[in-house]
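**Student:** Sequence and predicted model, in that order:
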Amino acid sequence: MTLKYDIVEYTRGRGLEVNLNPDTGKLYAHFIGVDDDQLSLFAGGVFDFVFSQNLAKRQSVQAWRVVKQGGYLVVSAAHDEITASEPPGGFDVVRHQSYNHGAQRLVVFKKRSDKQVNVRPEPWPEKSCCIVRYGGIGDMIQTSSILPGLKAQGYHITLNTDPSGHRIIKHDPNIDHFILQDKNQVPNEELGPYWKALSRRYSKFINLCESVEATFLALPGRMPHLWPHDVRHARLNVNYMEHIHALAGVDLPPQDRFYPTPKEAAWASKQYRRITRFSDKLTKWDKKRGGNGTPTGGTVILWTLSGSSTHKTWPHLDQLLARLLVTYPDVFVVLVGDGLCKLLEIGWENEPRIIERSGVWSVRETLAFAEIADLVIGPETGVIASVAMRPVPKIIFMSHASVENLTKYWTNTISLEPEDCDCYPCHQLHYGKEYCPRDEETGVAVCQAKISVDATEAAIQTAMLYNDTKPKKERAV
């Protein structure tokens, strides 16, 4: 019976399991086990869910009372007893499923704010597809690439992901339904049975877990991580998107992108105008000093400072920023990253053309701004990947992946590879410094130190020339 795995999306957060099975105990570790006579001890509306395999009418009233608005009462009972579990008040039946040849049923009630009752769940589409992918920004951006193709094939699309992934991809118009699960909600050793149970509901099932990591980026502790470099490169130098599209049965080219909300897009444009407004002041200042005062409108570079791994920090930032400020009087650089990246911003606090936003802008705000920036620069991060197929110019510092792996299909992209670096590309995931050689002078990964300031400055000059051929602010509207 797949009951345990069919209730995952309805039993997230904090909740109760009423009347535990004495033989099996709690179904999941995060459930709080109680007897039915203990329900009255809890305040009303405090739990995300209540689950029971044996809930009588008397108990359902108390169980319903402690469920939050929008929360779930999840009941499994014998076929002829399930109606006794129907709660009082307004609800939607969001799941109704039979087990054991019809002898047992699962019903999931979602609590409404009004008194309306809807006992008929939405009919499940005949042509349905479920995609499984957990992870962060880059993982979700890569996943978005196959969605338009699947939608064009006529599929109703469900994405099974975690809250961090959902935050990035939740406004993708190609996704019809989400199944969310919290971190470690389903133990790792049970993911196989869980995915098998989940796949039975869909006509197409695509599991993208380890489609890149562990497959083309060797994990520490597994044998490919210790293969000789030339062997690893020969076996793992495969384009990620080609593999993901093959798994999904969707033709190339990639169509990955981030979808900001209208509010986020308007916010990004407002930030852009605020930054470039300072360019008008520079123009007036130049005129007063005898210059021609030609307005340029300013150029805004979004620079993502660091990624999630130890090899995703470029060490020559300060030197390059100093050159930019001298060479391009109308350039503004927005520095972004997490809270730790604020350390990399130290020293630029009093320079008005360097805008420090690490730990200030949210992830979604940063991604929305990347859509309209004049140039995006950074290591292999989800921020720069989010505009991979967008027209904005990009400069990426390559590290553990090759151009073939990552940027083969990217548009308007300059991929800066390290010079004279024997370990590049390593095709390895790094969670520390043990297998990632360090540069003695800077302390960062050798592959990043070996990307020179001169090469980066030349790439920026090339990107500036590209921008000069385009209508200057057509994206900031």
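**Tutor:** Great, that's in hand. Numbers count the residues shown, from 1 in each chain.
**Student:** Settle this for me: residue 257 is touching residue 386, isn't it.
**Tutor:** Yes. Using CB atoms under 8 Å, residue 257 makes contact with residue 386 at a distance of 7.2 Å. The C-beta positions use only the backbone N, C-alpha and C, and glycine is treated the same way.
**Student:** So these two - more neighbours on which side?
**Tutor:** Shown here are residue 257 and residue 386; by other CB atoms under 10 Å, residue 386 has more neighbours (27 against 19).
**Student:** so which helix or strand takes in the spatially closest residue to the more buried one that is not a sequence neighbour?
**Tutor:** In this structure, residue 386 finds its nearest non-sequential neighbour in residue 258, 4.1 Å apart by CB to CB, 6 or more residues apart in numbering. Using DSSP states H and E, residue 258 sits in no helix or strand.
**Student:** Would you mind listing the residues touching both of residue 257 and residue 386?
**Tutor:** By CB atoms under 8 Å, 6 or more residues apart in numbering, residue 257 and residue 386 have these common neighbours: residue 141.
**Student:** ok, residue 205 to residue 231 distance?
**Tutor:** Distance, residue 205 to residue 231, by CB to CB, to the nearest Å: 33 Å.
**Student:** between these two, which one's more packed in?
**Tutor:** More crowded of residue 205 and residue 231, by other CB under 10 Å: residue 205, with 18 against 10.
**Student:** For the more buried one, grab phi and psi.
**Tutor:** phi -130, psi 120 (degrees, to the nearest 10).
**Student:** Tell me, please, where in the stretch 1-150 of the chain the pLDDT is lower than the cut-off.
**Tutor:** Residue ranges of the stretch 1-150 of the chain with pLDDT under 70: 1, 56-57, 79-85, 100-103.
**Student:** now with 80?
**Tutor:** 1-2, 21-24, 54-59, 77-86, 99-104, 121-122 (pLDDT under 80).
**Student:** what ranges do the helices span in it?
**Tutor:** 3-6, 57-66, 137-144, 147-152 (DSSP state H, counting those that start in this stretch).
**Student:** what's the answer for the stretch 351-477 of the chain, then?
**Tutor:** Going by DSSP H, counting those that start in this stretch, the stretch 351-477 of the chain shows helices at 363-370, 382-385, 446-449, 453-468.
**Student:** highest average neighbour count across those?
**Tutor:** Of all the helices of the stretch 351-477 of the chain, helix 382-385 has the most neighbours on average by mean count of other CB atoms under 10 Å, namely a mean of 26.
**Student:** Could you pull up the mean pLDDT of it?
**Tutor:** On average, the pLDDT along helix 382-385 is 96.
**Student:** for this protein, longest strand please?
**Tutor:** strand 67-78 (DSSP state E).
**Student:** strand partners of that one, parallel vs antiparallel please.
**Tutor:** Neighbouring strands of strand 67-78 in its sheet, by DSSP bridges, are strand 47-52 (parallel), strand 104-111 (antiparallel).
**Student:** ok, now which ones touch residue 377?
**Tutor:** Taking CB under 8 Å, 6+ apart as the test, what residue 377 contacts is 301-304, 384, 394-396, 456, 460.
**Student:** And the pLDDT at it?
**Tutor:** So, for residue 377, pLDDT stands at 98.
**Student:** Dig out what it forms beta bridges with.
**Tutor:** Bridge pairing for residue 377 - DSSP bridges - gives residue 303, residue 395.
**Student:** can you tell me how far it sits from residue 244?
**Tutor:** Taking CB to CB, one finds residue 377 at 25 Å from residue 244.
**Student:** Can you say which of the helices of the stretch 1-150 of the chain is nearest to residue 316?
**Tutor:** helix 137-144 (23.6 Å; CB to CB).
**Student:** hmm, who's touching the closest one?
**Tutor:** 131, 133, 159, 161, 165, 168-169, 172, 174, 208, 212, 240-241, 244, 255-258, 363, 367, 380-383, 385-386, 388.
**Student:** and it, how far from the chain's centre?
**Tutor:** Offset of helix 137-144 from its chain centre (CA atoms, centre = their mean, to the nearest Å): 6 Å.
**Student:** How many residues are close by residue 221?
**Tutor:** Counted with other CB under 10 Å, residue 221 comes out at 8.
**Student:** Tell me the confidence at it?
**Tutor:** 91.
**Student:** can you check residue 434 too?
**Tutor:** 89.
**Student:** need the contact list for it.
**Tutor:** For residue 434, counting by CB under 8 Å, 6+ apart, the contacting residues are residue 220.
**Student:** Then the one 10 residues further on?
**Tutor:** By CB under 8 Å, 6+ apart, residue 444 lies in contact with 311, 313-315, 438.
**Student:** Just the buried residues of those.
**Tutor:** Using 16 or more other CB atoms under 10 Å as the burial test, the contacts of residue 444 include 311, 313-315 as buried.
**Student:** Closest to residue 464 out of those residues?
**Tutor:** Among the buried ones among the contacts of residue 444, and counting by CB to CB, the member closest to residue 464 is residue 314, at 18.9 Å.
**Student:** Tell me which residues touch the closest one, please.
**Tutor:** Listed by CB under 8 Å, 6+ apart, the contact partners of residue 314 are 378-379, 397, 444, 448, 451, 456.
**Student:** same check, this time on residue 357
**Tutor:** Contacts of residue 357 by CB under 8 Å, 6+ apart are 334-336, 366.
**Student:** per-residue pLDDT, it?
**Tutor:** 97.
**Student:** Then the one 3 residues further on?
**Tutor:** At residue 360, the pLDDT value in this model is 97.
**Student:** what's the answer for residue 397, then?
**Tutor:** 98.
**Student:** What of residue 475?
**Tutor:** Reading off the model, residue 475 has pLDDT 45.
**Student:** Residue 465 too?
**Tutor:** For residue 465, the pLDDT comes out at 75.
**Student:** Make 240 the starting number, not 1.
**Tutor:** Will do, 240 is the new start, and the previous item becomes residue 704.
**Student:** Kindly provide the distance from it to residue 560.
**Tutor:** For residue 704 relative to residue 560 (CB to CB), the value is 20 Å.
**Student:** Residue 667 too?
**Tutor:** Residue 667 is 30 Å from residue 560, where distance means CB to CB.
**Student:** who has more neighbours, those two?
**Tutor:** residue 667 (23 against 20).
**Student:** Apart from its chain neighbours, what residue comes closest to the more buried one?
**Tutor:** Once flanking residues are discounted, residue 667 sits nearest to residue 457: 5.0 Å by CB to CB, 6+ apart.
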